[in-house]
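Novice: Using only what follows, build the 3D model:
(2 chains, ligands or ions: 2)
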Amino acid sequence: MKPVTFFRKAHKWATLVIGVQAVLWTLGGVYMTVIPLPVIHGKHLMSGVAPSEIDWSRVDIDPGLVVMANPDAPLIRLTMFDGDPVYQVLGERHTLISAETGGVVSPVSEDAIRRVARTDFSGDAEIVSVTLITDNVPLEIQNARPPLWRVDFAGWNEPSFFYSAETGQFVSRRHNLWRGFDIAWMFHIMDYEDRNDMDNWLLRVATAVGLFSALFGMGLLIYRLGFRNRAKVAP
Amino acid sequence: MIFVRSLHKWLGLIVGLQMTLWMLSGFAMAAMSMNQVKGGDRRSDAAPPPLARQVQTVPAMQEVFQGSISVALRYGPDGPVYEIVNAAGATLRDARTGQAYEITAERALAAATRDYSGPGRAISAEQITAPFIELRKHDGPVWRVNFDDRRNTSLYIDGVTGLVLERRNDIWRVFDIFWMLHTMDYVGRDNFNNPLVIVAGLAALWLSMSGFILLFSSFRGRDFDFGSALRRFRGATITSVVKAPGREVSSLALAPGLSYFDAFARTGVNLPSNCGGAGSCGQCVIRLSPSVRPDKDEQRQLSAAELNEGWRMACRHRVRANTEVELPAGVIDNELLSGQVSSVRFLAPFTKEIRIRLDDPLPRPFVAGQYIQLVIPAGTFLVDPASVPDSWRGKWVDIPSTLDSSAAEEVRRLYSIAVAPNENPRELVLNVRLVPPAGASKPWGRGSSYVFSLLPGDAVTLCGPYGRFGPSDSARSLVLIGGGSGMAPLRSIVRHEYSEQGLKRPIRFFYGARCEEDILYREEFEQLAAKVEALDWIVALSDDLATPDKWSGYRGFVHDVARRELTESFKELADAEFLLCGPPALIEAARQMLRGLGIADDRVWYEDFGV
Ligand SMILES: Cc1cc2nc3c(=O)[nH]c(=O)nc-3n(C[C@H](O)[C@H](O)[C@H](O)COP(=O)(O)OP(=O)(O)OC[C@H]3O[C@@H](n4cnc5c(N)ncnc54)[C@H](O)[C@@H]3O)c2cc1C
Ligand code: FES
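Specialist: Ligands and ions are numbered 1, 2, ... in the order given. Below is the predicted model:
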């Protein structure tokens, strides 16, 4: 077989295997590069209101006391939540404890989450729904620890904020541009189940075939261009 | 499709290399284990020591805590700490003493060692200020703690909070180079919104989409005939019964799955062809069976009568099962014949008459209307226009002073014989028109420029004769319609008809040319028509501007002139046969015209030159 024929056939067959995926790769690649990453991350959805300072006049419980009550927690944190000083106890279990009374606050109430979300969100899009997720965590927030409050806002972009229902902590935000990115990423790394596992064999095989297809294509191109030069009519 | 193909090729030239790099880096990143890249496999999951209860109280720390957003109590590198966050950032305090808690080299080493579970030891800690390539998302003082494992692990410890920021190692360092190639951000490596990658990505998108579209036209059904491919690979063959006129019935072992055209070629039987198996010349006929469905190309190229008899184009059908095949005369022992150019002369500005003296007489005499297959050798040859007669030189002014044609491979081209069979058994005459380039960067016709480069005395190789073009004996009269070099087989037919061996039937020969200069053998035919009453020689000139006013003959396209003339003498056409020869456009127009006159397809023969 002549080299040019070999390259043509090899390129053709490799592309037959990888053609659809190559289109998906480039299509997703263009999506991911064209939309600025901060937009994907949804920075613009945050109001940017500075978190409130701790109101020490209302803190009656000492950290040592909280540690005593939760000896296995490696981390406790005192902050303000919904206007009140609270301790987040982040151990095996996550709990929210009032720094005023020591009483258990968690799970946080829907009303409190509504207020917090309102302050966190930039703009005044209506809150469409607030739902409690206890199990079946949606794919788009799969790594978060349930239970979660999901706050959906109105708008073409359908922003959603997620808060821990145990501690009221802000967990993450999602919106349609992010969701598009997630799909592009899923096609990019070919993990059609979890969308975040890059160590999959499908991807390894596909990229290898893609690499061969590209190399054969380059070989074909070099042969074609070389041949064309020789066949030119002399001036 | 041609557009998509050239788009694909040019895009390939522009982003092919980057596409290859994307595939390469994508493959490399996929092949690596993400857990190792991130150092996760050498990360200790041991729980930190429990928090002490004896920590400073809020009132005791009041001054330090004032104005903070959050205060966390956790285990630092070597004891419990308060991490106090306010608008200015984070600070640490020893939770037991309330004193400021500095992240010293010892503490950085302790934090790193506690986090690490690999085989190495922490050997050094150096303080640096982020950001830098290995720690580009962080800002501020950090400790780099180096381990002596084979991956050269380095843990980065925040210089303020003592937390582990990143776990880097040589696997990550290699990964990161591929990541950089992938994002095309050669400076910061992380910004994949840079204009370079966007432009390259858009080009690559077109590249992959055009490639995808091309897939559909690049594959034929036969590519997927894996069964046959496997049998071919194992050397299996299919035995076919092969018949040919004047030969004993024999059998040939053909390769399964190939077209008959290719399969025969493998056994040394080269069917005549101008297109090399592309289905556009219609010369590779073999007889299969009338039940084999003809495809579109065959319906266009072959006559209804031929199709009914089971004649098919060999390049359109695949060897599948044992069959019986009939080959046209002379195809089986088509050994190459050699000869010498005995004379060349211009017949028209771009048409030459070539006489070839064969070293031996033809193995079998040709029939008027047939052609030979000329071998166009590999290599370079030059056409020198110096021999153009002075009166026609004007037509050659826009043409390069030498035409240089070169190719790596031998090809074959068909040329009709322009003399009658019995004139001279060792001499062939061809009329060859120089085929101009089809586009700006396209070469001149490969075969025709070879013929134009020939000089008397040059050796040539050919095989044949072949062809099915010619009238049947039952026809009472003949109508010939030809144009340009389509003259050749028609001249052979006319000369044969009025020779001693001919039937001397009435012939009306409509010949189309662009202008007077392009009329081939004008004098010869005028004289013949004057002498032979049965011959009617009618010339139509199509280029009005180039035709002088004194031209008294017909103007317009030859098929239009023929239509007018034939309509008047319609009754005489009852037993006539029609022979059309020339470029595809002429054939198509003349066939339509004849259909319009109600002439049955089976009385029409045509030889399509394809150019
Ligand atoms: C039965 C038969 C009899 C014939 N008898 C005669 C005869 O008597 N006299 C005669 O002059 N001719 C005859 N021909 C035509 C002859 O065989 C050649 O086809 C003709 O000479 C052109 O061949 P070439 O090699 O010069 O041109 P080619 O190199 O084959 O090119 C032909 C034309 O197509 C263009 N072209 C080539 N490849 C491509 C491509 N990939 N894409 C776009 N364009 C392309 C070229 O630029 C050129 O314009 C006959 C043909 C047949 C089938
Ligand atoms: S080889 Fe030309 S049509 Fe078959």
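Novice: Run through the neighbouring helices and strands of the worst-scoring helix or strand of chain B on mean pLDDT.
Specialist: Least confident helix or strand of chain B, by mean pLDDT, DSSP states H and E, is strand B:403-407 with a mean of 71. For strand B:403-407, the elements it packs on are helix A:201-231, strand B:379-383, helix B:446-453, judged by 3 or more Cβ pairs under 8 Å, 6 or more residues apart in numbering or on different chains; DSSP states H and E. To be clear about C-beta, it is placed using only N, CA and C from the backbone, and glycine gets the same treatment.
Novice: Can you tell me which of the ones you listed is packed in deepest?
Specialist: helix B:446-453 (a mean of 22; mean count of other Cβ atoms under 10 Å in any protein chain shown).
Novice: Tell me, what's the model's pLDDT at the closest residue to ligand 1 within the stretch 51-200 of chain B?
Specialist: Closest residue of the stretch 51-200 of chain B to ligand 1, Cβ to the nearest ligand atom: B:Ala200 (30.2 Å). At B:Ala200, the model reports a pLDDT of 95.
Novice: Beta-bridge partners for B:Gly79, please?
Specialist: In this entry, B:Gly79 is beta-bridged to B:Gly76, by DSSP bridges.
Novice: show me what contacts it?
Specialist: Applying Cβ atoms under 8 Å, 6 or more residues apart in numbering or on different chains, we find B:Gly79 in contact with B:52, B:94-96.
Novice: For it, give its distance to B:Pro49.
Specialist: Using Cβ to Cβ, to the nearest Å, B:Gly79 is found at 9 Å from B:Pro49.
Novice: now the residue of the stretch 51-200 of chain B closest to ligand 1, nearest residue through space, not along the chain?
Specialist: Computed as Cβ to Cβ, 6 or more residues apart in numbering or on different chains, the closest residue to B:Ala200 that is not its neighbour in sequence is B:Gln18, at 5.1 Å.
Novice: how many neighbours does the residue of the stretch 51-200 of chain B closest to ligand 1 have?
Specialist: 24 (other Cβ atoms under 10 Å in any protein chain shown).
Novice: mind checking the end-to-end distance for stretch A:142-157?
Specialist: 20 Å (Cα to Cα, to the nearest Å).
Novice: what does stretch B:148-156 give?
Specialist: So stretch B:148-156: terminal residues 15 Å apart, Cα to Cα.
Novice: Downstream of the least confident helix or strand of chain B, the next helix or strand is which one?
Specialist: With elements assigned by DSSP states H and E, the helix or strand that comes after strand B:403-407 is strand B:411-416.
Novice: re the thing from before, now the angle between strand B:379-383 and the least confident helix or strand of chain B, please.
Specialist: 160 degrees (axes from the mean of the first three to the mean of the last three Cα atoms, to 10 degrees).
Novice: who does strand B:403-407 pair up with?
Specialist: strand B:379-383 (antiparallel).
Novice: hmm, back to that, ok now do the residue nearest to B:Ala200, which residues does it touch?
Specialist: Taking Cβ under 8 Å, 6+ apart as the test, what B:Gln18 contacts is B:184, B:200, B:204.
Novice: could you measure A:Ser129 against A:Phe153, distance?
Specialist: In terms of Cβ to Cβ, A:Ser129 sits 9 Å off from A:Phe153.
Novice: higher neighbour count, the two?
Specialist: A:Phe153 (22 against 10).
Novice: what about residue 25, neighbour count?
Specialist: Let's take chain A. 27.
Novice: Chain B, not that one
Specialist: 20.
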